[in-house]
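Engineer: Sequence first, then the predicted structure:
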Amino acid sequence: MLLLAAASFLLTHVAVAQEAQSRPQREFALPVTPELEPGAMELLQAMGERLAAARTLSFTAVATYESPARTGLPLAYTTLSEVTLQRPDHLRVVTPGDGPAIEFYYDGATMMAYQPDAGLSAIADAPPTIDAMLQTLFGLSATYFPFTDVIVADPYGDLATGLQLAFVVGQSTVVGDTLTDIVVIADPTLQMQLWIGAEDRLPRRIQASFFDELGHFRHVLELSDWRLDPELPPDTFSSAAAAAATPIPFAPPGTP
């Protein structure tokens, strides 16, 4: 009976594999002319305006990335970051895990990435706005924060530029422990699905897939613990331990 079951499983597996090989490969297509539902754009704009209006804000970001395992199927890797900013020129990102603990500080003139376990700080001069600093940081070290779209000066403009598709999926009562409106947007680079609070217009989840990425893996960002316009202590965007660590230059991954 075991041999028969094994043979049956093998035949089924071979049949499924042959069927998969005979299917045409998936092709992704965007509309030739933009198809932007007004309701979807209104929700996106309301979210962007709510974020941009906050002089100070903080939130928790849990990012999950998929990457192929030896089997070819994806594995999930997760990081947690505590984010605090003061517009237009202060940012702190503390990432305790998973992976090496990293702290990032920007005060409008200097940016500093600190690894407590190694006692090292990468330090560099920085331009006077968060947006310009993020571009400089990426150019120096290929560092990119997955929540960049919600901390730039104009989140709506950042997301809406170049869109070819936008529509409303519906609502959810599961994500973020609140009622959310679900919006999908797409441009030539990626498709993004956003869960936006129906009452406060704050993003609770963002899921993105890139058209040209092999495997079309999902990049998921969970956003919680939102605080808008909190009073921040004067030392929020500095660290004595980071300043005292051994200084090193910013550099991209793989640099000796």
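Structural biologist: Received it, and whenever you're ready, just let me know what you need.

Engineer: okay, how far is it across stretch 86-101, tip to tip?
Structural biologist: 23 Å (C-alpha to C-alpha, to the nearest Å).

Engineer: List the buried residues of that stretch.
Structural biologist: Going by neighbour count (16 or more other C-beta atoms under 10 Å), the buried part of stretch 86-101 is Gln86, Arg87, Asp89, His90, Leu91, Arg92, Val93, Val94, Thr95. Heads up, the C-betas are built off the backbone N, CA and C, glycines and all.

Engineer: Where does pLDDT dip in the stretch 1-150 of the chain?
Structural biologist: Scanning the stretch 1-150 of the chain for pLDDT under 70 picks out 1-26.

Engineer: So which residues of it form helices?
Structural biologist: Listed in chain order, the helices of the stretch 1-150 of the chain (DSSP state H, counting those that start in this stretch) span 2-22, 38-53, 130-141, 148-151.

Engineer: Same question for the stretch 151-256 of the chain.
Structural biologist: Under the criterion DSSP H, counting those that start in this stretch, the stretch 151-256 of the chain contains helices at 155-160, 240-244.

Engineer: So which elements touch the longest one?
Structural biologist: Applying 3 or more C-beta pairs under 8 Å, 6 or more residues apart in numbering; DSSP states H and E, one finds that helix 155-160 makes contact with helix 38-53, helix 148-151.

Engineer: What's the mean pLDDT across it?
Structural biologist: Across helix 155-160, pLDDT averages out at 96.

Engineer: Mind listing the residues bridging to Ala166?
Structural biologist: Leu36, Ile185 (DSSP bridges).

Engineer: and it, how many neighbours?
Structural biologist: Using other C-beta atoms under 10 Å, Ala166 is surrounded by 23 other residues.

Engineer: Would you mind confirming that it is in contact with Glu37?
Structural biologist: Yes - contact criterion C-beta atoms under 8 Å: Ala166 and Glu37 qualify, at 5.7 Å.

Engineer: Endpoint to endpoint, stretch 125-135 covers what distance?
Structural biologist: End-to-end distance of stretch 125-135 (C-alpha to C-alpha): 13 Å.
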